[in-house]
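Q: next come a sequence and a model predicted from it.
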Amino acid sequence: MTKKTYERVGLTSGEYDRIVEILGREPNELELNLYGVMWSEHCSYKNSKPVLRIFPTSGERVLQGPGENAGIIDIGDGLAVVMKIESHNHPSAVEPYQGAATGAGGIIRDIFTMGARPIALLNSLRFGELSNDRTKYLFENAVAGIGDYGNCIGIPTVGGEIYFNDCYRGNPLVNAMCVGIIRHGDIKRGTASGAGNAVMIVGASTGRDGIGGASFASVELSEESQENRSAVQVGDPFMEKLLLEACLELFETGCVVGVQDLGAAGLTSACSETASRGSSGMNIDVSLVPRRETGMIPVEVMISESQERMLVIVEKGREEEVTGVFKKWGLNSSVIGRVTDDGMLTIRDGDEVVGRVPAKSLAEDAPVYYREYEKPAYLQQVGVLDEESLEVPKDLNGVLVGLLKSPNIACKEWVYRQYDYMVRTCTAVAPGSDAAVVRIRGTNKAIALTTDCNSRYCYLDPATGGAIAVAEAARNLICSGAQPLAVTDCLNFGNPEKPGVFWQFRQAVSGMSEACRVLGTPVISGNVSFYNETDTNAIFPTPVVGMVGLVEDTSHITTQGFKEEGDAVLLLGENTQEAGGSEYLKVVHGLEQGSAPRLDLDKEKRVQDCCLELIRAGVVKSAHDCSEGGIAVALAECCISGGIGAEIEFESRCRKDFLLFGEGQSRIVITACQSDLERIKDTAARLDVPCTVLGRVKGKELVIDIAGQREMEIAVEDMGTSWREAIGCIMG
Amino acid sequence: MKFGVVVFPGSNCDIDCYHALRDVLDQDTEYIWHMTKHLGFYDCIVLPGGFSYGSYLRGGAIARFSPVMDRVVEFAQSGKPVIGISNGFQVLTEAGLLPGAFLRNNSMKFVCENVYIRTENASTPFTKLCGEGQVLKIPIAHGDGNYYVDDRTLKDMEQNNQVVFRYCDAEGEATAESNPNGSLQNIAGICNREGNVVGMMPHPERCMEEILGNRDGTVIFKSVINYLKGGAVND
Amino acid sequence: MFNAKVYITLKKSIADPQGNAMKEALLAMKYDGVKDVRMGKLIEIKLENKNAAEAEKRVRDMCETLLANTVIEDYTYDILEVGP
Amino acid sequence: MFNAKVYITLKKSIADPQGNAMKEALLAMKYDGVKDVRMGKLIEIKLENKNAAEAEKRVRDMCETLLANTVIEDYTYDILEVGP
Ligand SMILES: Nc1ncnc2c1ncn2[C@@H]1O[C@H](COP(=O)(O)OP(=O)(O)O)[C@@H](O)[C@H]1O
Ligand SMILES: [Mg+2]
């Protein structure tokens, strides 16, 4: 075998030698391709595995941690929530509409593969600055792709986040998250066991589309991948809707031993992973796989990434039950092989054996790399911020409006009105507050959902930035009245073979892990996306956190908008004067510099506990955390959402601009009836949480005094218009 | 009294309509599978929203050839109440039970939001409890909701009082700004000549409970329940 | 075997939001000679039929019943024989 | 003045969900000779250009930049001169 051959499938000579050792012979062309896709970073996590072990993954409520198609967390009453997030960055960079759509499609399959009914979608998006035409095109089409897929299949897209930064210009990020609900007893796993049981492929037929997709996700984007067209797939949400209903109906028959969706690396990964998990083997015949195109050779069938397909392992003798259910839904289902007990994945084309390798070796024996890491040099320069040289702006009203118009802070309604966030009639809090809240039918409970990550903090300090992503997600859930339960994460980074990138990766994971430990939210599923770079430019480290929380009683559901004239406005936590990494520095001073905001996790935990206790006690009328844009923007958002003004007074002697727009952590703005003030202060004191009355809800303007001086005075309606229309104006 | 909610492949508001009728309004309700060739006994049939057949080709174009649709047509022709919501409305126009057709929203984008609609005809089975001119706040969620009909038919429809709802602002004015999709004359809902078949783009089943923040949709279904209770006038 | 190409266009009297949007986009891209854009559908159908007349009848039927909505759309088609 | 008809089709290797659904629908409606259905777009453009060569270049440019998504679609066009 020539050197070129293994390089063509993305393997190194070391990896090739290892394969020869495993097989005791040279692999044939088909076998080599199987290793190529399965040992790619995307499928094998060969570069990230040792680092991911740092994450806390267990907890009382964890029913399924990482390692399956999705994680599962108990919410009581015999019910559980299934969750997972996944990246579709590279396909979306090439074809944003279909890339994003199939991203949504893929993550939905991961959820119903577990036996769960998908009930909500979220997403996390990153693009370059909107001044660029290509960026507008990517943004517009990725949003439409995500929206159309979810809308058509009838799963509400209830939340997400979007940031714009030049570092994403050539390599946008499209991460999709899905959440499902399941009874404990109904959980399915991706396991093939019981020699003689049938291996069936169900759903769409197989074509050449997406061939090489898995390895596609594991290489840097080059001019060439613009040409790499067959790697783009077209989503078919209608087919997936049928597949979803058919699978859930099928699971009720009890004939299913195991099930796995066909995602990256298609049949190869589904067969080897299920067999490997079940410590068994599998004997399949590719000629039995229904095809959409003619002339496909076995290797193409094995690695095709055609969408909307599933592999189902069925009890021997009950194959017809499967066929019956799928027929009812107008779908294909075919027996393509049998489970064996020899541990081998044997691939036949009719009678001829065309490949035979140990199933485990594909799924689990990819080499693990302990990459070199080194603190990157750029941190030296960006870490310092000469605050003295920055002038305090005269027109603070103008600064606030400028921030409200910044696409990173502006209202995302332009996006989410393209998403059907109401279908299933369970969305109690729609997009636009800190977290979405979805009620659980048949109970008094609800779950709160969010995705978060400020990647600028991660760029300045990946450990702190990673921790803040977790803390902010939890804070958003708390503000909605939920107890944070668990995390699914999507780690978007550059090329891990670069020591600087790998350092960022390790730091971010360790920061996230510490925050997860302190806040009691184990990581139960996730995804790693490396090689997010173009030419020489890597993206900011972007470890996106998806989090789910439990609202014990729907009466606890809380939103960010101010509610009633006369209510007291309070701050849990303390104002600081940290300007580093803020949107203010970027928008007004053109700087992405300084230290990321400090995060004291114990204090964060106390603030969150305090807020939730007060919400559960029924004394909190609105709650909103301070994030991008600082306390001024947080107050403005409370005013806009509530359609009512406020009079605020700060005592602080901090620098005015840093006080108003700095992004110090662990702060939540709440409102309450004046008569509940004492009770709130007592609770805060008992929990050792700073609590100050900032003012009261009043009138049609947001008025802010600092140390007795009137500093800001601005009509809620004007702020609302600037904030609401900013993105629409840019998009035209 | 029994309601039937038709399930086409790709329907996705079927469960919402079912829930609204059975759980919120406590009505006997059943799903009707699209392959059904013999309809059981129903008093009212609901064609739900969603994306029957993916809304591929055109919304409702393929669904209208489902076997169940022959039965729905007979049911409608017998004078019993039928309502099509969103994609269900599209199915009704494709099937010829209601006039007109749908174009892409003039914004070219799918739109999901609360809108206001004004009741223009309060005498259909589904609007009997609305006052004439009553303004309801009801969400829409569609990409092809831009209603079109030719001039002659429109005149006819207006003469027969077949426009049931128009998009309007909170005060009830049918302005251009309050039209979310470019529909002709702000039309949001219509009925057939006889008034027993109603189609509407907004989703009343999405706003029938306090926890969803709005209960304006209730009046649509309460109307038909009331109508059916009030003695089988048309039977 | 026949290859049919069915062309479906919005009736002339009906405003075409998609075509308009495309026209605006083209003008914004400085294709200034563009006077009008109309958006339609092209449906390609492979069908097995004994003879051309039968194939044509089939295609016309398909257009009338399913492919076009004659309230808003017109259709035309080309049919090509492509071997047995 | 020129009338251009642009035909946009999905590349052969790419799955066509819409075409598939239509094929199934036609078969269910007993159009049993139907072997394959593919869904594409027809874009009609009126444009003012000095000469045919220039018009053609324009149309090709439009296809490449806006009308077709060349990652997944192919295009062809016909151009007809229709008077001054
Ligand atoms: N891509 C998106 N999809 C759906 N909703 C979004 C998206 N981006 C933002 N939103 C919604 O807009 C609101 C504000 O988002 P964001 O500013 O990120 O909130 P926070 O700072 O509290 O995390 C949230 O309700 C969020 O779910
Ligand atoms: Mg927040």
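A: Perfect, thanks for sending it. No experiment lies behind these values; they were computed from the predicted model shown. Ligands and ions are numbered 1, 2, ... in the order given.
Q: pLDDT score assigned to B:Val44?
A: One thing to correct before we go on: residue B:44 is Cys, not Val. pLDDT for B:Cys44: 98.
Q: just confirm it contacts B:Val224, I think it does.
A: Yes - the criterion here is C-beta atoms under 8 Å, and B:Cys44 meets it with B:Val224 at 5.5 Å. Backbone N, C-alpha and C define where each C-beta goes, glycine included.
Q: what's the end-to-end length of stretch B:104-112?
A: Start-to-end span of stretch B:104-112 (C-alpha to C-alpha, to the nearest Å) is 14 Å.
Q: just the buried residues of it, please?
A: Neighbour counts using 16 or more other C-beta atoms under 10 Å in any protein chain shown place B:Arg104, B:Asn105, B:Asn106, B:Ser107, B:Lys109, B:Phe110, B:Val111, B:Cys112 of stretch B:104-112 among the buried residues.
Q: give me the pLDDT for the fifth one.
A: If I follow you right, that is B:Lys109. With respect to pLDDT, B:Lys109 scores 96.
Q: how close does it sit to chain C?
A: Noted for B:Lys109: a distance of 10 Å to chain C, by C-beta to the nearest C-beta, to the nearest Å.
Q: what's the burial count for A:Tyr378?
A: A:Tyr378: 11 surrounding residues under other C-beta atoms under 10 Å in any protein chain shown.
Q: which residue sits closest to it in space, ignoring its chain neighbours?
A: The shortest distance from A:Tyr378 to any non-neighbouring residue, by C-beta to C-beta, 6 or more residues apart in numbering or on different chains, is to A:Gly500 (7.8 Å).
Q: can you report phi and psi for the one you found?
A: phi -70, psi -40 (degrees, to the nearest 10).
Q: that one and chain B, how far apart?
A: In terms of C-beta to the nearest C-beta, A:Gly500 sits 41 Å off from chain B.
Q: if we can go back for a sec, could I get the buried residues of stretch B:104-112 in TSV, plus columns for distance to A:Glu60?
A: Compiled in TSV, these are given as follows (distance: C-beta to C-beta, whole Å):
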residue	distance to A:Glu60
B:Arg104	51
B:Asn105	48
B:Asn106	53
B:Ser107	48
B:Lys109	44
B:Phe110	41
B:Val111	43
B:Cys112	37
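Q: mind putting those residues into JSON lines with secondary structure?
A: Listed next are these as JSON lines, based on DSSP: H, G, I helix; E, B strand; the rest coil:
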{"residue": "B:Arg104", "secondary structure": "coil"}
{"residue": "B:Asn105", "secondary structure": "coil"}
{"residue": "B:Asn106", "secondary structure": "coil"}
{"residue": "B:Ser107", "secondary structure": "coil"}
{"residue": "B:Lys109", "secondary structure": "coil"}
{"residue": "B:Phe110", "secondary structure": "coil"}
{"residue": "B:Val111", "secondary structure": "strand"}
{"residue": "B:Cys112", "secondary structure": "strand"}
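Q: out of the residues you listed, which one sits closest to A:Pro237?
A: B:Phe110 (12.6 Å; C-beta to C-beta).
Q: I figured the closest one was touching A:Gly145, is that so?
A: No - using C-beta under 8 Å, B:Phe110 is not in contact with A:Gly145; the gap is 11.4 Å.
Q: for B:Cys44 and B:Val224, indicate the residue with more neighbours.
A: In this view B:Cys44 and B:Val224 are compared by other C-beta under 10 Å, and B:Val224 has more residues nearby, 28 against 25.
Q: show me what contacts the more buried one?
A: For B:Val224, the contacting residues are B:Cys44, B:Pro81, B:Ile83, B:Pro125, B:Phe126, B:Lys128, by C-beta atoms under 8 Å, 6 or more residues apart in numbering or on different chains.
Q: tell me, how many residues neighbour residue 51?
A: You didn't pick a chain, so chain A it is. For A:Val51, the neighbour count with other C-beta under 10 Å is 23.
Q: if you could check chain C rather than the one you did, that'd help
A: There are 10 residues near C:Asn51, going by other C-beta under 10 Å.
Q: per-residue confidence at it?
A: Taking C:Asn51 on its own, its pLDDT is 89.
Q: return the distance of it relative to C:Cys63.
A: 19 Å (C-beta to C-beta, to the nearest Å).
Q: and the closest residue to A:Val339 other than its chain neighbours, how close does it get to A:Ile313?
A: With C-beta to C-beta, 6+ apart as the criterion, A:Val339 has its nearest non-adjacent residue at 4.4 Å, and that residue is A:Asn197. Applying C-beta to C-beta, the value for A:Asn197 to A:Ile313 is 6 Å.
Q: what's the overlap in contacts for these two?
A: A:Val257, A:Val339.
Q: so what's A:Gly481 up against?
A: So A:Gly481 contacts A:Val437, A:Ala448, A:Val551, A:His556, A:Ile557, A:Thr558, A:Leu612, A:Ile615, A:Arg616, A:Ala623 (C-beta under 8 Å, 6+ apart).
Q: for it, helix, strand, or coil?
A: Following three-state DSSP, the label given to A:Gly481 is coil.
Q: can you tell me the closest non-neighbouring residue to it?
A: The shortest distance from A:Gly481 to any non-neighbouring residue, by C-beta to C-beta, 6+ apart, is to A:His556 (3.7 Å).
Q: measure that neighbour to B:Thr175 for me?
A: Taken as C-beta to C-beta, the span from A:His556 to B:Thr175 is 39 Å.
Q: with neighbour numbers in mind, choose between those two.
A: Neighbour totals were compared for A:His556 and B:Thr175, and A:His556 leads with 23 against 11 (other C-beta under 10 Å).
Q: so for that one, what's the pLDDT?
A: 98.
Q: what of A:Gln226?
A: We have a pLDDT of 39 for A:Gln226.
Q: from ligand 2, how far out is the residue nearest to A:Gly481?
A: To ligand 2, A:His556 is 17 Å away according to C-beta to the ion, to the nearest Å.
Q: for that residue, what are its contacts?
A: Counting by C-beta under 8 Å, 6+ apart, A:His556 touches A:Gly481, A:Ala482, A:Ile615, A:Arg616.
Q: between those, which sits nearest B:Glu94?
A: Checking the contacts of A:His556 against B:Glu94 with C-beta to C-beta, the nearest one is A:Ala482 at 43.2 Å.
Q: bridging residues for the closest residue to that closest one other than its chain neighbours?
A: Take A:Ala482 and drop its neighbours on the chain: the residue closest to it by C-beta to C-beta, 6+ apart is A:Gly549, 3.1 Å away. A:Gly549 has these beta-bridge partners by DSSP bridges: A:Ala448, A:Pro484.
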